[in-house]
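Participant: Sequence first, then the predicted structure:
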Amino acid sequence: MPRVKVVSFRYVVYKRNRGFADETTFRNTYLILIRDAVIGRTAMTEVNIEYCVPCGLLEHAVETQETLLEEFEQDLNGVRLQPGHGGVFKVHADDDLVWDKDEHDGEIDLAAITEAVHERAHDHD
């Protein structure tokens, strides 16, 4: 979803609700969007890190999460960890895939991931 000035939060909430698995996540995002609409804030990037549990990639996922939160601070709406399997380590910024371990010879390059998120987070500024 492109970053937009929140004019009508009902439309943005509808667009965001399509990907939520549970009502609590939707409700929390709805409240954030209302807050952002009231203060006239620009929509922020949400990052999702999908990692392979059986492969032991949790530590890499947590390190990536911490790095992104430290680097971008309040420029991100959040960084979510999503357990997976099959060797997966993918990073999505909003709905766009910005890093896939399989496309980078199985390596997890934290600097490259941070740069990819930076480009996505700032491509609509």
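Facilitator: Done, it's in.
Participant: which phi and psi does residue 108 have?
Facilitator: Listed backbone geometry of residue 108 is phi -110, psi 100, with angles given as degrees, to the nearest 10.
Participant: can you check residue 64 too?
Facilitator: The phi/psi pair for residue 64 (degrees, to the nearest 10) is phi -60, psi -40.
Participant: One more: residue 119?
Facilitator: Torsion angles, degrees, to the nearest 10, at residue 119: phi -60, psi -40.
Participant: Spatially nearest residue to it (excluding sequence neighbours)?
Facilitator: Nearest in space to residue 119, with sequence neighbours left out and distances taken as C-beta to C-beta, 6 or more residues apart in numbering, is residue 98 at 7.6 Å. C-beta here means a position set from N, CA and C on the backbone, and glycine is covered the same way.
Participant: Which pLDDT value goes with the nearest residue to residue 108 once chain neighbours are set aside?
Facilitator: Excluding its sequence neighbours, the residue lying closest to residue 108 (C-beta to C-beta, 6+ apart) is residue 60, at 5.1 Å. Per-residue confidence for residue 60 comes out at a pLDDT of 96.
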